[in-house]
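1. Take a look and give me a structure for this.
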Amino acid sequence: MPRGLIIAAPASGSGKTTITLGLLRALRRNGIDVASAKVGPDYIDPAFHAAATGRPCVNLDSWAMRPETLAAAFDDAPDLTIVEGVMGLFDGAHLGSDPDPLSDGSTASLARLTGWPVLLVVDAARQAQSVAALAGGFARFDPSVRLAGVILNKVGSEKHESILRQALSAAGHAVLGAVRSDKQIARPSRHLGLVQAGEHPDLEEFLGAAADRMAADLDLDALMAIATASTGAAGAGAATPPLPPLGQRIAVARDAAFAFSYPHVLEGWRRAGAELCFFSPLGDEAPAADADAVYLPGGYPELHAARLAAATSFMNALRAHAAAGTHIYGECGGFMALGKSLTDADGRAHAMAGLLPHATSFAEPMRHLGYRVATVLEETPLGPAGSLWRGHEFHYASTVGPDISEPLFQISNATGIELGKIGGRNGAVFGSFMHLIDRSGA
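-> Numbers count the residues shown, from 1 in each chain. Below you'll find the model as predicted:
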């Protein structure tokens, strides 16, 4: 495995994403061939990472991924990988009274597995000497996680920085930089996270400003020196893909409405010999006529429902593929598009493909969030009945209208609590709100 460094934080909202993006672009500008990774089942941040580095960002999830899938993520990585953590350093799946410290999905679990050092990003805007107590608590909480230093964020002035540095130095903590508050590198948010990288109106300007700020405020040489080779068991790359290919030539939807596909899943299909051909439903492009499978990943179809409803070439071609028996699989946003209609947050209903009997609605948003273990109920290209998968659910939409007579999965959460049946099947068309990440190793 390559040399690595993990950027973590005490809590979400500390600024680790912006600092990671600025660091990635600053290192790239300095001629460093750097890769990035994101802990957890995230789609938004990896797209920003890819824009900053010019190479795909991989997801690393110790709960949802088998060890061999984690190892395979680094097959094409350069010498240095910067990993952005998720939530707080020790926050992961709640696994009951006997959690496994190597597979709870937390940033700390990845640090334990790899042995990579951790830099803690601390929002220091409303504290002074207390920062040393916070850093000390994180350093002592678990000795198996090596806290190599602190990056101070939202520092207000030179005096503020001096107080913070003195307190941390007296407590024996290295400070790798003090990042000043800067409105130029703030980012807008949306209900599922951040606005997508492709929708950011001034993405290059933002990345350039973030890189300028990190180059000025961080000790890049010290950061590079801290990065170490993995001391964990790297293992062998995955012999089997995370998901079996849906077909030999797979048409994959890709645009602002269907942007949430995992790179490790698509790469797994390629390595298994499948050919991928991309198309844009928002551009009213039809999936390739000679495709033997169609994949509609998640995204934000609710923000583009009127355009999708008017995309007659896309919709007619999708229906023609279904009539011909082509396997069509939709996840979350893709599942919404396969239904009869999609009602947006303003209460307007938009006709969808009508290939599954459900309708979806955002009129009364309700959050569905968490890791899932899914059992396939009937044979599909995903595998025979009884096949086990791990994935994640995060959406505000609800299904309305008639019950689906042929559900796709029986699901439970990370602690094993049964949550019922989800998704739907109709001939060769199938899907659910769940994003599949990997085969279950359990």
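2. pLDDT weak spots in this protein?
-> 96-99, 187-195, 232-238, 402-405, 442 (pLDDT under 70).
3. which residue ranges form the helices in it?
-> 16-29, 44-53, 67-72, 107-114, 130-141, 158-170, 203-217, 220-226, 263-271, 305-309, 312-323, 333-338 (DSSP state H).
4. Distance to Val86 for those - can I get that in TSV?
-> Using the backbone N, CA and C atoms, a C-beta is placed for each residue, glycine as well. Conversion of the helices of the chain to TSV gives the following (distance: least, C-beta to C-beta, whole Å):
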stretch	distance to Val86
helix 16-29	9
helix 44-53	9
helix 67-72	15
helix 107-114	6
helix 130-141	15
helix 158-170	24
helix 203-217	20
helix 220-226	20
helix 263-271	16
helix 305-309	30
helix 312-323	34
helix 333-338	21
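5. how about a markdown table for those helices, with mean neighbour count and distance to Pro407 added?
-> Shown next, in a markdown table, are these (neighbours: other C-beta atoms under 10 Å; distance: least, C-beta to C-beta, whole Å):
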| stretch | mean neighbour count | distance to Pro407 |
| --- | --- | --- |
| helix 16-29 | 24 | 36 |
| helix 44-53 | 23 | 29 |
| helix 67-72 | 22 | 26 |
| helix 107-114 | 25 | 32 |
| helix 130-141 | 16 | 42 |
| helix 158-170 | 16 | 54 |
| helix 203-217 | 19 | 40 |
| helix 220-226 | 15 | 49 |
| helix 263-271 | 19 | 22 |
| helix 305-309 | 20 | 24 |
| helix 312-323 | 18 | 19 |
| helix 333-338 | 29 | 12 |
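6. Please report how far Leu436 lies from Gly137.
-> Between Leu436 and Gly137 the computed distance is 37 Å (C-beta to C-beta, to the nearest Å).
7. quick one: which of the helices of the chain is nearest Gly391?
-> Relative to Gly391, the nearest member of these by C-beta to C-beta is helix 263-271, separated by 10.5 Å.
8. angle of the closest one against helix 44-53?
-> Using axes from the mean of the first three to the mean of the last three C-alpha atoms, to 10 degrees, the inter-axis angle of helix 263-271 relative to helix 44-53 is 70 degrees.
9. what about helix 263-271, distance to the chain center?
-> The chain centre lies 15 Å from the centre of helix 263-271; the measure is C-alpha atoms, centre = their mean, to the nearest Å.
10. so what secondary structure elements neighbour that helix?
-> If contacts are counted by 3 or more C-beta pairs under 8 Å, 6 or more residues apart in numbering; DSSP states H and E, helix 263-271 sits against strand 58-60, helix 67-72, strand 275-279.
11. which residues touch the closest residue to Glu285 other than its chain neighbours?
-> With C-beta to C-beta, 6 or more residues apart in numbering as the measure, Phe279 is the residue that lies nearest to Glu285, at 4.2 Å, once sequence neighbours are left out. Contact partners of Phe279, counting by C-beta atoms under 8 Å, 6 or more residues apart in numbering, are Ala251, Val252, Ala253, Arg254, Glu285, Ala286, Pro287, Ala288, Phe314.
12. at 6 Å instead, please
-> Contact partners of Phe279, counting by C-beta atoms under 6 Å, 6 or more residues apart in numbering, are Ala251, Glu285, Pro287.
13. Among the residues you listed, which ones are in strands?
-> Assignment to strands by DSSP state E places the following of the contacts of Phe279 there: Ala251.
14. Could you rank the contacts of Phe279 by neighbour count and give me the top one?
-> The member of those surrounded by the most neighbours (other C-beta atoms under 10 Å) is Ala251, with 29 neighbours in all.
15. I figured that residue was touching Ala288, is that so?
-> Yes: between Ala251 and Ala288 there is a contact at 4.8 Å, judged by C-beta atoms under 6 Å.
16. Mind listing the shared neighbours of those two?
-> Residues touching both Ala251 and Ala288 by C-beta under 6 Å, 6+ apart: Cys277.
17. domains for the protein, by residue range?
-> The chain breaks down by automatic domain parsing into domains covering 3-229, 249-439.
18. Adding distance to Pro241, write those out as TSV.
-> TSV is the format used below for the domains of the chain (distance: least, C-beta to C-beta, whole Å):
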stretch	distance to Pro241
domain 3-229	9
domain 249-439	3
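19. quick one on the thing from earlier: now do the residue nearest to Glu285 against Ile7, distance only.
-> Using C-beta to C-beta, Phe279 is found at 35 Å from Ile7.
20. do Gly247 as well
-> Gly247 sits at a distance of 38 Å from Ile7 (criterion: C-beta to C-beta).
21. So what pairs up with Gly330 in the strands?
-> Partner residues in beta bridges with Gly330, using DSSP bridges, are Leu296, Gly431.
22. circling back: neighbour count winner among Gly247 and Ile7?
-> Ile7 (24 against 19).
23. My guess is that one contacts Val86. True?
-> No: at 10.8 Å, Ile7 does not count as touching Val86 under the criterion of C-beta under 6 Å.
24. what do these two both touch?
-> Residues touching both Ile7 and Val86 by C-beta under 6 Å, 6+ apart: none at all.
25. Ignoring the adjacent residues along the chain, who's closest to Leu120?
-> With C-beta to C-beta, 6+ apart as the criterion, Leu120 has its nearest non-adjacent residue at 5.1 Å, and that residue is Val150.
26. can you pull the contacts of the one you found?
-> The contact partners of Val150, taken as C-beta under 6 Å, 6+ apart, are Leu120, Val122, Ala135, Leu168, His173, Val175.
27. so the last one touches Gln166, yeah?
-> I take that to be Val175. No: Val175 lies out of contact with Gln166 (C-beta under 6 Å); the separation is 9.8 Å.
28. can you list residues touching both of the two?
-> Here Val175 and Gln166 share no contacting residue, scored by C-beta under 6 Å, 6+ apart.
29. my guess is Leu356 meets Gly339, correct?
-> Yes: here Leu356 lies in contact with Gly339, judged by C-beta under 6 Å, at a distance of 5.3 Å.
30. Tell me which of these two has more neighbours.
-> Leu356 (29 against 25).
31. Show the backbone phi and psi for the more buried one.
-> Backbone dihedrals for Leu356, given as degrees, to the nearest 10, come out at phi -130, psi 150.
32. Is the residue nearest to Glu285 bridged to anything, and to what?
-> Under DSSP bridges, the beta-bridge partners of Phe279 are Ala253.
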